[in-house]
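Enquirer: Dropping a prediction and its sequence here:
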Amino acid sequence: MSVENIYESALTRVKEIGHKAGISPEIINALCHPKSLMTASLPVRMDNGSTEFFTGYRCRYNTALGPTKGGIRYHPDVTREEVLALALWMTIKCAVVDLPYGGGKGGITVNPKALSAMELERLSRAYVRAMADFIGPEVDIPAPDVYTNARIMGWMLDEYESIKRVRAPGVITGKPISLGGSLGRDDATGRGAYLCIKELQRKNGWQPSDITVAVQGFGNGGYHAVRLLRNDGYNIVAVSDSKGAIYSAKGFDVQSLYEEKQRFNKLKAVYCNQSVCELVDHDVITNEDLLALEVDILIPAALEGVITKNNVHNIKARYIVEVANGPILAEVDDELFKRKVHVVPDVLANAGGVIVSYFEWVQNRQGYTWTLSEVHERLGEKMTRGFNEVWDLSKSEGISLRDAAYKLAFKRIGSAIEAHGTKEYFSS
Ligand code: GLU
């Protein structure tokens with residue numbers, strides 16, 4: 001299966017797991033029907049004076065548990081199907097970690113690296129002008145995703161507030177702190193994944209220095225996850241970005257790699273002391289080689305559909321922690337389970353981002369800000385509870401962590417759908 005039909009893969013998984021878990025067909029059917037999808041053409045005045053048209057999407061997938069929540073992605077490969085899949089995963093994710101949100105997602109088909117900062121700002125504002133009546137603090141709350149960040153959220157908030165003529169910080173999360181953003185939102189996705197791995201450590205009695213980790217993707221999620229792991233003594237043996245990967249059995253100093261990448265926009269195997277960097281022993285490998293490494297933990301933290309039936313036989317990792325959304329296609333779930341490759345699914349492993357987005361939204365509604373340690377403590381509580389609920393269900397029923405996470409989410413969403421009024425509700 002190719003990434004073109006990622007939504008089909010996402011639906012297959014919902015139907016299969018729903019069936020195995022004995023979830024009512026009415027609930028599963030509801031989850032196979034996105035509530036609404038807005039497609040807009042976004043005209044942008046380019047720096048050379050011409051006008052270009054970009055396509056923007058926003059999906060409000062399911063609202064059983066609350067207003068829809070989810071990021072906005074800028075990427076050349078964004079399609080309607082991808083946005084639907086990502087919005088479905090947000091629906092499940094919010095339910096797994098028990099947030100009062102439904103799922104949504106947005107995207108623009110664009111290569112943001114090819115735009116100037118001002119073109120990017122005009123594009124972001126055009127997106128909000130098109131979506132201003134579709135989003136809202138009580139309706140649908142966007143946030144950052146791949147290739148979007150706090151700065152872009154700031155432009156979007158500003159545009160929304162100008163259109164509506166109100167202050168509405170709760171319409172968007174992942175904003176700059178000065179506009180009502182939350183402390184701790186920047187590294188929350190990576191920190192959430194790190195907290196999952198700490199739970200695995202506790203359950204398996206791991207000694208961090210014995211544990212090897214490979215990360216595919218060195219963006220916000222992947223970088224912070226391995227930064228925190230490295231600080232605890234884990235051995236980060238391979239790192240990649242979209243251009244390629246580096247490997248060293250001795251492990252890398254994550255901070256040095258990050259600083260080098262910030263400075264020269266290039267991933268390089270260096271060890272830095274202050275600003276003096278020296279090359280360290282390493283192999284240059286491909287992203288595909290990285291996925292096939294014999295490591296304890298593989299962290300796919302780039303894009304969806306990287307582990308498929310074409311390369312699943314190469315996987316040698318004992319654990320896969322999905323920091324990206326949808327890196328493993330449904331078609332290989334069973335094979336990985338049979339081979340005892342434990343997968344901490346995206347809907348749990350990368351939920352730290354949306355959890356702190358929720359905290360940000362709560363703070364905006366309260367008009368009261370929390371300290372960084374309050375945010376960390378509450379994130380820790382929510383992630384650990386979510387992880388253990390999924391873990392316990394998977395152990396008691398002998399099912400995969402993904403099946404357990406989905407089952408938990410289906411039950412939560414299902415009881416909300418029933419409480420809103422369904423056949424079952426009226427017949428009891
Ligand atoms: N884009 C992130 C995700 O996929 C965060 C969403 C949010 O904070 O609303 O979970």
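Expert: Yep, that arrived. These numbers were taken from a predicted model, which means no experiment stands behind them.

Enquirer: And residue 347, how far from residue 229?
Expert: Going from residue 347 to residue 229 by CB to CB, to the nearest Å gives 21 Å. In short, each C-beta sits where N, CA and C put it, glycine included.

Enquirer: neighbour-wise, which of the two wins?
Expert: More crowded of residue 347 and residue 229, by other CB atoms under 10 Å: residue 347, with 29 against 25.

Enquirer: Any chance you could give me the one helix or strand that one maps to in CSV, C-alpha atoms only?
Expert: For residue 347, the host element (DSSP states H and E) is helix 346-349. C-alpha atoms of helix 346-349 as CSV (Å, rounded to 0.1, in the frame of the first residue of the first chain):
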residue,chain,number,x,y,z
ASP,A,346,1.4,7.4,17.7
VAL,A,347,-2.0,8.0,19.3
LEU,A,348,-0.2,7.6,22.6
ALA,A,349,3.5,8.2,22.0
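
Enquirer: Could you pull up the mean pLDDT of that helix?
Expert: Helix 346-349 carries an average pLDDT of 98.

Enquirer: Now name the helix or strand holding residue 335.
Expert: With DSSP H and E as criterion, residue 335 is part of helix 333-338.

Enquirer: helices or strands next to that helix in the packing?
Expert: Packing partners of helix 333-338 (3 or more CB pairs under 8 Å, 6 or more residues apart in numbering; DSSP states H and E): strand 342-344.

Enquirer: Quick check: pLDDT value at residue 118.
Expert: 98.

Enquirer: same thing with residue 213?
Expert: pLDDT, residue 213: 98.

Enquirer: which ones are touching the nearest residue to it once chain neighbours are set aside?
Expert: Once flanking residues are discounted, residue 213 sits nearest to residue 297: 4.6 Å by CB to CB, 6 or more residues apart in numbering. For residue 297, the contacting residues are 197, 211, 212, 213, 214, 234, 317, 318, 319, 320, 321, by CB atoms under 8 Å, 6 or more residues apart in numbering.

Enquirer: Which of these sits closest to residue 43?
Expert: residue 321 (40.8 Å; CB to CB).

Enquirer: my guess is that closest one meets residue 346, correct?
Expert: No: using CB atoms under 8 Å, residue 321 is not in contact with residue 346; the gap is 9.2 Å.

Enquirer: Ramachandran angles for the closest residue in space to residue 183 that isn't next to it in sequence?
Expert: In this structure, residue 183 finds its nearest non-sequential neighbour in residue 372, 4.3 Å apart by CB to CB, 6+ apart. Torsion angles at residue 372 (phi, psi; degrees, to the nearest 10) stand at phi -60, psi -40.

Enquirer: which stretches of this protein have low pLDDT?
Expert: Scanning the chain for pLDDT under 70 picks out 1-4, 423-428.

Enquirer: Up against the ligand, what does this protein have?
Expert: Within reach of the ligand by CB under 6 Å from any ligand atom, the chain has these residues: 69, 70, 71, 143, 145, 173, 174, 325, 350, 353, 354, 357.

Enquirer: Which secondary structure elements does the helix or strand containing the fourth one sit against?
Expert: In this structure, residue 143 sits in strand 140-144 according to DSSP H and E. With contacts taken as 3+ CB pairs under 8 Å, 6+ apart, strand 140-144 sits against strand 51-62, strand 68-75, strand 102-109, helix 150-164, helix 352-366.

Enquirer: and the next element down the chain from the third one?
Expert: Going down the chain from strand 102-109, the next helix or strand is helix 117-131, by DSSP H and E.

Enquirer: what angle do that next one and helix 150-164 make?
Expert: 50 degrees (axes from the mean of the first three to the mean of the last three CA atoms, to 10 degrees).

Enquirer: Quick one: residues in contact with helix 117-131.
Expert: For helix 117-131, the surrounding residues in contact (CB under 8 Å, 6+ apart) are 38, 40-47, 54, 56, 58, 72, 106, 108, 110, 112, 115, 135, 152, 155-156, 158-160, 163.

Enquirer: thinking again about what came up before, any chance of the residues of the chain next to the ligand in TSV, with neighbour count and distance to residue 393 too?
Expert: Converted to TSV, these look like this (neighbours: other CB atoms under 10 Å; distance: CB to CB, whole Å):
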residue	neighbour count	distance to residue 393
69	28	24
70	33	24
71	25	27
143	26	28
145	24	28
173	29	29
174	28	30
325	27	22
350	26	19
353	28	23
354	26	21
357	29	25
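
Enquirer: okay, those residues in CSV with distance to residue 252 next?
Expert: Output for those, formatted as CSV (distance: CB to CB, whole Å):
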residue, distance to residue 252
69, 34
70, 32
71, 28
143, 30
145, 26
173, 32
174, 28
325, 25
350, 22
353, 24
354, 29
357, 30
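
Enquirer: Nearest to residue 191, out of the helices and strands packed on strand 140-144?
Expert: Closest of the helices and strands packed on strand 140-144 to residue 191 is helix 352-366, at 5.2 Å (criterion: CB to CB).

Enquirer: if we can go back for a sec, if any of the contacts of helix 117-131 are buried, put those into a ChimeraX selection.
Expert: To isolate the buried subset of these in ChimeraX, counting by 16 or more other CB atoms under 10 Å, use the following:
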select :38,40,42,44,54,56,58,72,106,108,110,112,115,135,152,155,156,158,159,160
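
Enquirer: Grab the nearest non-local neighbour of the closest residue to the ligand within the stretch 251-400 of the chain.
Expert: Of the stretch 251-400 of the chain, the residue with the smallest distance to the ligand, taken as CB to the nearest ligand atom, is residue 357 at 3.2 Å. Spatial nearest neighbour of residue 357, excluding adjacent residues (CB to CB, 6+ apart): residue 173 at 3.7 Å.

Enquirer: So which residues of the stretch 151-300 of the chain form strands?
Expert: Using DSSP state E, counting those that start in this stretch, the strands of the stretch 151-300 of the chain run over 212-216, 235-241, 244-247, 270-273, 276-279, 283-285, 297-300.

Enquirer: doesn't residue 305 make contact with residue 85?
Expert: No: judged on CB under 8 Å, residue 85 makes no contact with residue 305 at a distance of 9.7 Å.

Enquirer: Spit out the contact partners of the closest residue to residue 257 other than its chain neighbours.
Expert: With CB to CB, 6+ apart as the criterion, residue 257 has its nearest non-adjacent residue at 5.9 Å, and that residue is residue 239. Contact analysis of residue 239 by CB under 8 Å, 6+ apart lists 214, 215, 218, 222, 226, 245, 246, 252, 254, 257, 267.
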